[in-house]
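Chemist: Provided below are the primary sequence and the corresponding predicted coordinates.
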Amino acid sequence: NAGVTQTPKFQVLKTGQSMTLQCAQDMNHNSMYWYRQDPGMGLRLIYYSASEGTTDKGEVPNGYNVSRLNKREFSLRLESAAPSQTSVYFCASRWVAGDSYNEQFFGPGTRLTVL
Amino acid sequence: RKEVEQDPGPFNVPEGATVAFNCTYSNSASQSFFWYRQDCRKEPKLLMSVYSSGNEDGRFTAQLNRASQYISLLIRDSKLSDSATYLCVVYENTGTASKLTFGTGTRLQVTL
């Protein structure tokens, strides 16, 4: 049981390049999330997928696209990377049912630098 | 005003000390509250939930004051291994959507 996995762990891009961050979970969770974490800003939600086949914008979606490929996988794409997208990206998943909170599990993160 | 505010620290304390962190939140409709721990260059992990009655897990005690919209975490007998960033997290479920809001974290450094 690997939990939430992310690839790659590190990436350096030049401005204007594109790339896709991959995320997979093996906990049979219905909801998956992409966050970015910047110094002094906390974790900010980029996009989320409440269930397979649905995606919605979070707090900071500009410059990103996502695909919920199946129940396990949720990818984040940067079409034209900008230096402002230099950050640590975390994927997360949890089981959402009813009003109560079920623990959200995070992947190990991807450290992205855009030059 | 940020939705969840924390003192960023760092809090530098000697081993064995007691240290307390505070967090305030702005949304009175928030329903559930948590402390997450994040080690340097790692992902956040759930430390404990926070209940109105207060709850304890070993050396860790969490308290919630809904009237003041204030959450606290107390760590007794600090260990070197407690050195990390502690994130205050607030959960709201409106029925149509749920939302987790993270504070920026309070950094704790425990020294010999």
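Modeler: Cool, got the structure.

Chemist: chain A contacts on chain B?
Modeler: Within chain B, the residues that sit near chain A (C-beta under 8 Å from any C-beta of the partner chain) are B:4, B:8, B:31-32, B:34, B:41-46, B:87, B:91, B:93, B:95, B:97-98, B:100, B:102-105. Where you see a C-beta, it was placed from the backbone N, CA and C, and this is true even at glycine.

Chemist: ok, and the closest non-adjacent residue to residue 17?
Modeler: Unless you meant another one, I'm taking chain A. Computed as C-beta to C-beta, 6 or more residues apart in numbering or on different chains, the closest residue to A:Q17 that is not its neighbour in sequence is A:A81, at 5.3 Å.

Chemist: not quite, I wanted chain B
Modeler: B:S78 (5.1 Å).

Chemist: if we can go back for a sec, which of the residues of chain B next to chain A are buried?
Modeler: Among those, those buried by neighbour count (16 or more other C-beta atoms under 10 Å in any protein chain shown) are B:4, B:32, B:34, B:43-44, B:87, B:91, B:93, B:98, B:100, B:102-105.

Chemist: dump these to TSV, plus secondary structure and pLDDT.
Modeler: Shown next, in TSV, are those (DSSP: H, G, I helix; E, B strand; the rest coil; pLDDT from 0 to 100):
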residue	secondary structure	pLDDT
B:V4	strand	94
B:S32	strand	91
B:F34	strand	95
B:E43	coil	97
B:P44	strand	97
B:L87	strand	97
B:Y91	strand	91
B:N93	strand	82
B:S98	strand	80
B:L100	strand	90
B:F102	strand	94
B:G103	coil	94
B:T104	coil	94
B:G105	coil	95
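
Chemist: so where do the strands sit in the chain?
Modeler: The chain I'm using is chain A. Ranges of strands in chain A, per DSSP state E, are A:4-7, A:10-13, A:19-25, A:31-38, A:42-49, A:56-57, A:64-68, A:74-78, A:87-94, A:105-106, A:110-114.

Chemist: wrong chain, I was asking about chain B
Modeler: Remark: strands assigned in chain B by DSSP E are B:4-6, B:11-14, B:19-25, B:32-38, B:44-50, B:55-57, B:60-65, B:70-75, B:84-93, B:98-102, B:106-111.
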